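Student: Mind looking at a prediction? Sequence and model below.
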Amino acid sequence: MYELSTNDEKIRELLNIETPIVLEKSIINNNSSSLIKNILNTKNTIESYEQTKIQLENLYDSLKDIFDYAKVPMELRDRQFLNKTGFAMSPANAITTINDVFRVSAFVRGIDKAIKDLKKIYKNETLHVLYPACGPLAPLLIPLLAYYKSSNIYNENDFKVTFIDIQEGAIISLNEILKVTNLDIFVKDILLMDAVDYKTNEKIHLLILEAMQHGFTKEGHLSISKHFSSLLDKNGVFLPQEVNIDAILTIGEDEYNTQWKDKEFTNSIDIDKKIFKKRVVLGNILKINLGTLKNMKILNLDENTKLVKCATLTIPNFKNEDNRRIILFSTNITIYKDEVINEYDSGITHPLPNLDICINFIPQTDKKKTDLYVKSGDNIIFYYKLVGLPGFLVTKENR
Ligand SMILES: C[S@@+](CC[C@H](N)C(=O)[O-])C[C@H]1O[C@@H](n2cnc3c(N)ncnc32)[C@H](O)[C@@H]1O
């Protein structure tokens, strides 16, 4: 039984009268098609950035309207929490991730290429695509689905998608978006659950996961990846194919201020070569791909604390112009084949400084219990914490 107001909505829908929802549906489908055509025909360049940004903002406006129409209760919109594998961002904040231009573009092209390749391997099968931690707008897939449908490139027999999110508000929003746009034909399941508890007896051909913040912190990307690495079919594809995190010593002022002061936005193409050359690269501290995930050893310290031992690196001697080199964690991501998101291209690959590690100096003021004092010649060990707020822990090796 519908309430009176809902009933009016329903009748207008049946009469196919131009309602806000009917308008929104055609705007989303049209905007998605032009956005995806543009993304598939370009690369991540300074020239492509502006147009894609405007198109994403337009699409965001319409999807945000559906998010509002979905009437996610206020307490669910703003609810955020830590769970056993990481931070679950509130739906109100998570809707904005669609505006991260180079991230969305690289994923869209990567997913499109991966589906093409998988259709050649699994010729007569309906592909099962899994998108855990998809957020309230599932922005890496929804525009592609709209484009595939409107241009008849793929239909519901080509693939079905299982969407998973731990936030009830995200699931309410997603159900509404898929229904309004008629993209629900592509849906296998929409699940409200912690992704690491997902089990299935069916094949998974394609996995799309992005649950990280800069410096590979906060969200549960590693735990979720580890869980799904053993569920993926033998010839299946896991996107991103590889995530690399490097530890780098740099001069903070050059790195974060000088090199960006005349630039509209940060990106890997505009990295200042002179400043880049002055960096001291300690080395790779974590590489995540299907091979490393399968062989990854997890140390259980207690019920709620798990660690992955990542790398032991030596601090070299270096010229220290102002004696204040900071350590930063830099992320580079291969989404699929030549589709990459490099450092500074996205919010998730913005290098993260760790100001608790003092190299070749001891602070005179503002000392903290969490500080680590190290010097050239010391070996430092990098661990990854699988806790409510995941991230790196750095310790000094005992001699
Ligand atoms: C920043 S959003 C990312 C959305 C999307 N992946 C994208 O690319 O824009 C993170 C989403 O992951 C969800 N999430 C975090 N940890 C999760 C978990 N363990 N299981 C399921 N969903 C999770 C959060 O609820 C949130 O909606």
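Tutor: That came through fine.
Student: and the helix or strand containing L35, how far out from the chain's middle?
Tutor: Secondary structure from DSSP states H and E places L35 in helix 20-40. Here helix 20-40 is found 22 Å from its chain centre; the criterion is C-alpha atoms, centre = their mean, to the nearest Å.
Student: One more: stretch 163-181?
Tutor: So, by C-alpha atoms, centre = their mean, the centroid of stretch 163-181 is 18 Å from its chain's centroid.
Student: Repeat that for stretch 127-136.
Tutor: Worked out by C-alpha atoms, centre = their mean, stretch 127-136 lies 12 Å from the chain centre.
Student: for the helix or strand harbouring A94, what is the average pLDDT?
Tutor: Assigned by DSSP H and E, A94 belongs to helix 91-94. On average, the pLDDT along helix 91-94 is 98.
Student: how big is the angle separating the helix or strand following that helix from helix 20-40?
Tutor: Note on helix 91-94: by DSSP H and E, the next helix or strand toward the C-terminus is helix 101-121. Helix 101-121 runs at 80 degrees relative to helix 20-40, counting by axes from the mean of the first three to the mean of the last three C-alpha atoms, to 10 degrees.
Student: Which elements pack onto helix 101-121?
Tutor: helix 20-40, helix 46-69, strand 127-132, helix 142-150, strand 206-208, strand 237-239, strand 325-336, strand 339-341 (3 or more C-beta pairs under 8 Å, 6 or more residues apart in numbering; DSSP states H and E). Placement of C-beta: from N, CA and C, glycine included.
Student: can it be found next to the ligand?
Tutor: No: using C-beta under 6 Å from any ligand atom, we find that helix 101-121 stays clear of the ligand, coming within 7.1 Å at best.
Student: hmm, back to that, now render the helices and strands packed on helix 101-121 as TSV, adding distance to the ligand.
Tutor: Output for these, formatted as TSV (distance: least, C-beta to the nearest ligand atom, whole Å):
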stretch	distance to the ligand
helix 20-40	15
helix 46-69	11
strand 127-132	6
helix 142-150	10
strand 206-208	8
strand 237-239	11
strand 325-336	11
strand 339-341	11
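Student: how about the residues of the protein that lie near the ligand?
Tutor: Residues of the chain lying close to the ligand (C-beta under 6 Å from any ligand atom) are 85-86, 88-89, 94, 97, 132-135, 139-140, 164-167, 170, 194-196, 210-211, 219-220, 224.
Student: Narrow those to those in strands?
Tutor: G86, A88, P132, I164, D165 (DSSP state E).
Student: Hmm, the second one is touching L76, no?
Tutor: No: applying C-beta atoms under 8 Å as the test, A88 and L76 come out as separate, 11.5 Å apart.
Student: anything in contact with each of the two?
Tutor: Common contacts of A88 and L76, defined by C-beta atoms under 8 Å, 6 or more residues apart in numbering, comprise Q167.
Student: who's more crowded, those two?
Tutor: Neighbours were counted for A88 and for L76 using other C-beta atoms under 10 Å; A88 has more, 21 against 17.
Student: Can you report phi and psi for the spatially closest residue to the more buried one that is not a sequence neighbour?
Tutor: Leaving aside its sequence neighbours, A88 sits nearest to I166 (C-beta to C-beta, 6 or more residues apart in numbering; 5.0 Å). Taking degrees, to the nearest 10, you get phi -90, psi -10 for the backbone angles of I166.
Student: What separation do you get for I166 and N267?
Tutor: Distance of I166 to N267, given as C-beta to C-beta, to the nearest Å: 31 Å.
Student: Pick out the residue closest to the middle of the protein.
Tutor: The structure's the chain has its C-alpha centroid closest to E210; by C-alpha atoms, centre = their mean the separation is 2.9 Å.
Student: What residues does the nearest residue to T52 once chain neighbours are set aside make contact with?
Tutor: In space, and not counting its chain neighbours, T52 is closest to V101: 5.2 Å by C-beta to C-beta, 6+ apart. By C-beta under 8 Å, 6+ apart, V101 lies in contact with Y49, T52, K53, L56.
Student: now I121
Tutor: N235.
Student: how close does it sit to K203?
Tutor: From I121 to K203 the distance is 12 Å (C-beta to C-beta).
Student: ok, now T395?
Tutor: Distance from T395 to K203, by C-beta to C-beta: 42 Å.
Student: and the two? which has more neighbours close in?
Tutor: K203 (16 against 13).
Student: Distance check, the more buried one against L386.
Tutor: 27 Å.
Student: Then K84?
Tutor: Distance from K84 to L386, by C-beta to C-beta: 9 Å.
Student: Can you flag the weakest of the helices and strands packed on helix 101-121 by average pLDDT?
Tutor: Among the helices and strands packed on helix 101-121, helix 20-40 carries the lowest mean pLDDT (a mean of 92).
Student: need the contact list for the residue of the chain found nearest the ligand.
Tutor: Nearest to the ligand in the chain, going by C-beta to the nearest ligand atom, is G135, at a distance of 2.8 Å. The contact partners of G135, taken as C-beta under 8 Å, 6+ apart, are M89, P91, A94, I95, T97, D165, A170.
Student: show me what contacts N304?
Tutor: N304 neighbours (C-beta under 8 Å, 6+ apart): K84, V387, G388.
Student: Repeat that for L355.
Tutor: Residues near L355 by C-beta under 8 Å, 6+ apart: I326.
Student: backbone phi and psi for it, please?
Tutor: Dihedral pair for L355: phi -80, psi 0, per degrees, to the nearest 10.
Student: per-residue pLDDT, it?
Tutor: Reading off the model, L355 has pLDDT 90.
Student: Which parts of the protein belong to which domain?
Tutor: Per the record, the chain has its domains at 4-239, 242-396, by automatic domain parsing.
Student: Surely the residue nearest to A88 touches N83?
Tutor: Yes: between I166 and N83 there is a contact under C-beta under 8 Å: 6.5 Å.
Student: Give the residues shared as contacts by the two.
Tutor: Joint contacts of I166 and N83 (C-beta under 8 Å, 6+ apart) are D194.
Student: neighbour-wise, which of the two wins?
Tutor: A direct count of neighbours by other C-beta under 10 Å for I166 and N83 places I166 higher, at 22 against 12.
Student: residues in contact with the more buried one?
Tutor: I166 sits next to N83, A88, A133, L192, M193, D194, A195 when contact means C-beta under 8 Å, 6+ apart.
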